[in-house]
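S.K.: model this:
(chains A, B, C and D)
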Protein chains: 2
Amino acid sequence: MSGSFPPPLDAFDRKILAILQRDNTTPQRTIGEAVNLSAPSVQRRIKRMTEDGVIQANIAVIDPVAVGQAITIFVEVEVISETADQIEQAKRVFAAAPEIQQCYYVTGEADFMLVIVVPAMAEYEALTRRLFFGNNNVKRFRTFVAMDRIKVGLSVPT
Amino acid sequence: MSGSFPPPLDAFDRKILAILQRDNTTPQRTIGEAVNLSAPSVQRRIKRMTEDGVIQANIAVIDPVAVGQAITIFVEVEVISETADQIEQAKRVFAAAPEIQQCYYVTGEADFMLVIVVPAMAEYEALTRRLFFGNNNVKRFRTFVAMDRIKVGLSVPT
DNA sequence: CTGCTTCTGCAATTTTGTTTCATGAGGCTC
DNA sequence: GAGCCTCATGAAACAAAATTGCAGAAGCAG
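M.R.: Numbers count the residues shown, from 1 in each chain, chains lettered A, B, ... in the order given. So this is what the prediction gives:
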């Protein structure tokens, strides 16, 4: 039996992904020329990879400043108790906060890395009171305010 | 006189962005129905926002594991000299490294926050030798290996 | 060799994106 | 208020892209 394995990606698939991760508005015809395949073949591969979850989403990257979310902040969070329960609860709390744009559970000198986007510092301060000072399992947190986003994206080696 | 200000976004623009940041393959016709505008109007707004840099990119989000990039790593980098020149050079170097998925210039106890995706630790070690140990403007860097991606997200408030 | 599966390209079809154009609303001057 | 200007809009025409149908070639199992 088989629980349906993800079919492996060949060189064509990888090249296609490498293009899409930079610009998914690239016409299939153009992609086809780049990888030496016909447009329909490219289309079928993209469809398959989307169904298989290799392509997880197709999104527009939007400038946070332009939409009034002017401040991007990295936060390193260290917790006191790292029991499974406590970690799960922290994950839930962070996942529920709409200001938290990205949340990773990490090893190292911290336990969580957060990427937060807020309109202004006042909102961030309110958030810290709510999430960090108001949570007695948070030992320490460190704030880094982003001044410039140099790069976003990309998973596929080029 | 004015060096051409970015025109402010109205409610239509925001709704359009809210849709595109979730799925930029949504047909303009469908977007139009959702926001009560004709397809051409939607199209013009998207074009304008793209030209203005509000929409910074259109990309496919790819599962790093599926493409053999199994490890995600946060790196906090502190530099020695923070002159404009040095910072610009660092930005260029980081932007050019394909393993670096996200790069932010930040204030706080570090100067750069990087999100790196690599197939295995060996590659990360090679990268540290090249980017950090091999760069004498790097004072210190701290590594956090992601064990779990709890959340990845979006810029437009919904 | 035969049958089966899978992938491919070509061509037709359908859907989507883009341009054109005429209209109406809002703002401004006089 | 009248006239004029600018600008965004929708309808329709148009161009481009995505999708589907189909037949052929390559790989494999029996």
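
S.K.: Now do the SS call for residue A:16.
M.R.: Following DSSP: H, G, I helix; E, B strand; the rest coil, residue A:16 is assigned to helix.

S.K.: How about the contacts made by it?
M.R.: Residue A:16 is in contact with A:31, A:35, A:42, A:45, A:46, A:49, counting by C-beta atoms under 8 Å, 6 or more residues apart in numbering or on different chains. In this view, the C-beta of every residue, glycine as well, is placed from N, C-alpha and C.

S.K.: Close to DNA strand D as well: tell me which of those qualify.
M.R.: Among the contacts of residue A:16, the ones lying near DNA strand D by C-beta under 7 Å from any atom of the strand are residue A:46.

S.K.: which one of the contacts of residue A:16 is nearest residue A:95?
M.R.: Nearest to residue A:95 among those: residue A:49, at 26.5 Å, using C-beta to C-beta.

S.K.: Skipping its backbone neighbours, what lies nearest the closest one in space?
M.R.: Distances taken as C-beta to C-beta, 6 or more residues apart in numbering or on different chains put residue A:55 closest to residue A:49, at 4.9 Å, once the chain neighbours are dropped.

S.K.: Narrow the contacts of residue A:16 to just the buried residues.
M.R.: With burial judged by 16 or more other C-beta atoms under 10 Å in any protein chain shown, the buried subset of the contacts of residue A:16 is A:31, A:35, A:42, A:45, A:46, A:49.

S.K.: Tell me how many other residues surround residue A:133.
M.R.: Residue A:133 is flanked by 11 other residues according to other C-beta atoms under 10 Å in any protein chain shown.

S.K.: Please identify which helix or strand holds residue A:9.
M.R.: According to DSSP states H and E, residue A:9 maps onto no helix or strand at all.

S.K.: My guess is it contacts residue A:17. True?
M.R.: Yes. Counting by C-beta atoms under 8 Å, residue A:9 does reach residue A:17; the two are 7.5 Å apart.

S.K.: Now for those two: what residues contact both?
M.R.: With contacts taken as C-beta under 8 Å, 6+ apart, the residues that reach both residue A:9 and residue A:17 are A:49, A:54, B:67.

S.K.: just to revisit the earlier point, mark which of the contacts of residue A:16 are part of helices, please.
M.R.: Using DSSP state H, the subset of the contacts of residue A:16 located in helices is A:31, A:35, A:42, A:45, A:46, A:49.

S.K.: Tell me which residues of the lengthiest strand in chain A come out buried.
M.R.: Longest strand in chain A, counting residues (DSSP state E): strand A:138-151. When neighbours are counted by 16+ other C-beta under 10 Å, the buried residues of strand A:138-151 are found to be A:138, A:141, A:143, A:144, A:145, A:146, A:149, A:150, A:151.

S.K.: what comes into contact with that strand?
M.R.: Under C-beta under 8 Å, 6+ apart, the answer for strand A:138-151 is A:71-80, A:110, A:124, A:128, A:131-132, B:76, B:91, B:94-95, B:100-110, B:113.

S.K.: Buried subset of these as a ChimeraX selection?
M.R.: The ChimeraX command for the buried members of the contacts of strand A:138-151 (criterion: 16+ other C-beta under 10 Å) is given here:
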select /A:71,72,73,74,75,76,77,79,110,124,128,131,132 /B:76,91,94,100,101,102,103,104,105,106,108,110,113
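
S.K.: ok so residue A:123 is a helix residue?
M.R.: Yes. Assessed by three-state DSSP, residue A:123 belongs to a helix.

S.K.: What is the neighbour count of it?
M.R.: Counted with other C-beta under 10 Å, residues neighbouring residue A:123 total 15.

S.K.: I figured it hits residue A:99, correct?
M.R.: Yes. Contact status for residue A:123 versus residue A:99: in contact at 7.0 Å, counting by C-beta under 8 Å.
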